[in-house]
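Enquirer: coords please:
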Amino acid sequence: LYAKRPDYDGGATIIVATIQSFRQEEIDTLNVYKDNGELMDHFSGIDPAQRDRLEPGPSGQPLRSLANALKLRRPIVIVDEAHNARSPLSFVTLARLDPSAIIELTATPATDSNILHHVSAAELKDAEMIKLPIILRGDPDWKETIRQAKAQLEELAEAAKGEESATREFVRPVMLVQAQRATGVAPVTPDIVKRALIDDFLVPENEIKIATGSDWELDGVNLAARDEPTRFIITVQALREGWDCPNAYVLCSLAEQRASTAVEQMLGRVMRLPHAKRKIDERLNRAYAFCATASFQAAANALAEGLVANGFERIEAKSLIRVASELPGLNEAALTESDAIEGDFDLTPIAKQVAAVTAHRVTLDPVTRKFSAATLTKVDAGKLQLTVPAMLADSLNAFLQKFDAAPRPAAPQLEGFSVPLLAVRRAKQIEIFDQSHFLDHPWQLDTCDASVLVERFAAPAGNDHEAILDIRQTGKIGVDFVQRLHAELALAVDERDWPYPKLVRWLDGRLAGVKGTDVTQGSAQAFIKAGMNALMTKGGFALDDLRQYRFRLIDAFARLIVELRETRATDAFETTLFGSAVEFVTTPDLRIVFDPDRYHPIKPYEGRLAFPNHLRPDLIGDMNGEELECAGVIDRHPRVKKWVRNIERLPSSFRLRVSDRWFYPDFVAQIDDGTTCVVEYKGKGTEGAADKTEEKRIIGKRWADVTGGKFVMPFDKDYDAVNRTLSQ
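Expert: The predicted model follows:
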């Protein structure tokens, strides 16, 4: 409310605000719309066309308000959680600022949104930001659901201790319990859940917090602190928005889940991976959901729909949710029973203790006088040995030995494979071959010929040829849009004071994104001066002309710098590949591992053809028709043990460096002799300089020579080339 004109005109200005500061039916009460003398200098010297666009005050003159100061500059507006700003009043509020663009950030875009960029679950998982897959269990009894969830939490706690011993990373898993509202028949409310945790499951009260709208116990609680005892958080829906805890691993929902809206926000609370870093123990890379439900399938469907509503692709959601029986250690094992305990004394008090300390994983039947368990952890065994009276020690130890000896069904495991990357030896280090190995830094841009700019730059034609047709309020076509745009630009950049050095500095600033970080400011400004001098001496432009056409100069300089950068990179790349200045090597430490559990393509293949030898036969990256045929050749070849549809732009995908980008070949196959074959398919018309086809062929061949692998680039349905290469 007190920023001066130079603050806004001197560079990029970022204002952080709540939309409530701008959004009300009656705007007279909001400070951003009030006349403010501190903003007076923003409105001096503006022309009538600009004045007419502003909100007038009682005198008919524009209000000297913050809203009008922003409206003059047609700001870019970024709306976070944009799905909450879809009301008519929200759109009226945004329109009052006359923004040049509105950018929305949301996990649940509206169906009519113009989506510019979408981050998939595969990308989030590959960046080690979220826990996946999600393991789902269901049981009709709410106490049994809590028992199973608590058992999972204790298993994760033991895994976290082992992780800390190996990596020194501290993580204490937390469980969220979603209780029922205090409505209906005998609801399981937060107070009832808390009492059950204390009385039935022997959880210390200081490990439990309630977080509801009326009872919020999380203020001042740091769940990541080592000395914070909280392990259970009971809520109804208060955690659905605005709260996140990476340590939350287990969601225990006691409300019947039949609609995606009941799951989607709560589910997000347990998906962040602590420290955005993948763990050694795979159990700590997953999220766990336990539902008290009479319809397990309905819960699974609701969970999948909740993921879709949170921005996941529908096929991704299906593949990222697994029922517990699909994973090792979580499938239901056969019940192991002990021999009957001799004697006639009452076992009932001891049976209650056994059930309590093991969360009912181990039971002692007072009638049959037998211990029994389907799952039993080392922690359970230790607790039992401390709890069971000495007179039962022999029976207990015999039962524990019998349990350890009992066969346990193992879930089928998908196998992955690894591929060596192309590396170079630099001094005593071995590094992945990238652009730094063939391009010198910094780039001396001023040594390039800037006079070429004369051929790239032309003065604009008259406004009659530049005008954009627009519909006026009268319904007639008008052509005054360009004049209005120039008037608006004139406000932000004063035309009256543009000496030569200022113009050079201004162009240098506007070209920052194009020139990159490898060009020094001095080199860039020397190049700009050389280009402007060429325009004045060879092109016949006066300095006043260049000042007037400065926005066109940005485009001309940008296109020339991009062209020079590409030529430089291409020449350096070819010199390095065919020269002897760089020593190419391979090492076991620099490999890409294709892990079935981490393979989640951004856009999965949804066709009917089966590929049983793929890394994940149930989940394959999308392919076009000719790529499908090529994939079929690879899958059917007798020497191929395993293959994968390589996904572009993921850190866990195989890649090679060409002059200006990373190159991700289409397919990578493991051959029966342990070597790797890389296949890059080229359909008719896709090859050429723009695609860097020749550079890809060169770098692929060099990778094959160095690593002992095979590389093939078939063109236009030449699938025999793939067969021949695989057969060698």
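Enquirer: contacting residues around the closest residue to R74 other than its chain neighbours?
Expert: Sequence neighbours aside, S100 is the residue nearest to R74 in space, at 4.2 Å (criterion: CB to CB, 6 or more residues apart in numbering). Using the backbone N, CA and C atoms, a C-beta is placed for each residue, glycine as well. Applying CB atoms under 8 Å, 6 or more residues apart in numbering to S100 gives the contacts R74, P75, I76.
Enquirer: so I350 sits against M391, correct?
Expert: No: with contacts counted by CB atoms under 8 Å, I350 stays clear of M391, the gap being 9.7 Å.
Enquirer: more neighbours: which of those two?
Expert: I350 (18 against 11; other CB atoms under 10 Å).
Enquirer: contacting residues for the more buried one?
Expert: L364, V388, P389, L392.
Enquirer: which SS state does it fall under?
Expert: helix (DSSP: H, G, I helix; E, B strand; the rest coil).
Enquirer: likewise the one 3 residues further on?
Expert: Per three-state DSSP, the secondary structure class of Q353 is helix.
Enquirer: same deal with D705?
Expert: helix.
Enquirer: tell me how far it lies from F715.
Expert: 21 Å (CB to CB, to the nearest Å).
Enquirer: equivalent analysis for T707, please.
Expert: Where F715 is concerned, T707 sits at a distance of 23 Å (CB to CB).
Enquirer: pick out whichever of these two has more residues nearby.
Expert: T707 (21 against 13).
Enquirer: so who does the more buried one touch?
Expert: T707 touches P420, L422, T586, T676, counting by CB under 8 Å, 6+ apart.
Enquirer: how many neighbours does the residue lying closest to A373 once chain neighbours are set aside have?
Expert: In space, A373 comes closest to V362 once its chain neighbours are excluded; the distance is 4.4 Å by CB to CB, 6+ apart. Look at V362: counted by other CB under 10 Å, it has 25 neighbours.
Enquirer: now do Q353
Expert: 16.
Enquirer: now K428
Expert: The number of residues near K428, taken as other CB under 10 Å, comes to 5.
Enquirer: picking that back up, please report how far the residue nearest to A373 lies from K143.
Expert: In terms of CB to CB, V362 sits 17 Å off from K143.
Enquirer: using PDB, list the CA coordinates for the helix or strand harbouring R724.
Expert: Element membership for R724, per DSSP states H and E: helix 719-727. Taking C-alpha atoms only, helix 719-727 is exported to PDB below (Å, rounded to 0.1, in the frame of the first residue of the first chain):
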ATOM      1  CA  TYR A 719      12.500 -54.500 -37.700                       C
ATOM      2  CA  ASP A 720      14.900 -57.100 -39.200                       C
ATOM      3  CA  ALA A 721      17.700 -54.700 -38.100                       C
ATOM      4  CA  VAL A 722      16.500 -55.300 -34.500                       C
ATOM      5  CA  ASN A 723      16.500 -59.100 -35.000                       C
ATOM      6  CA  ARG A 724      19.900 -59.100 -36.500                       C
ATOM      7  CA  THR A 725      21.400 -57.000 -33.700                       C
ATOM      8  CA  LEU A 726      19.800 -59.100 -30.900                       C
ATOM      9  CA  SER A 727      21.000 -62.300 -32.600                       C
END
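Enquirer: shift numbering so it begins at 13
Expert: OK, 13 is where the count begins now, so the last one is helix 731-739.
Enquirer: who does it touch, helix- and strand-wise?
Expert: If you count contacts as 3 or more CB pairs under 8 Å, 6 or more residues apart in numbering; DSSP states H and E, helix 731-739 packs onto helix 637-648, strand 688-691, strand 722-724.
Enquirer: please identify the deepest-packed of these.
Expert: Comparing the helices and strands packed on helix 731-739 by mean neighbour count (mean count of other CB atoms under 10 Å), strand 688-691 comes out on top with a mean of 24.
Enquirer: partner strands of it, parallel or antiparallel?
Expert: In the sheet, strand 688-691 lines up against strand 679-683 (antiparallel), strand 722-724 (parallel) (DSSP bridges).
Enquirer: distance check, the nearest residue to K729 once chain neighbours are set aside against N126.
Expert: Among residues not flanking K729 along the chain, E638 sits closest, at 6.2 Å (CB to CB, 6+ apart). Here E638 is placed at a distance of 31 Å from N126 (CB to CB).
Enquirer: no further queries at this time; thank you.
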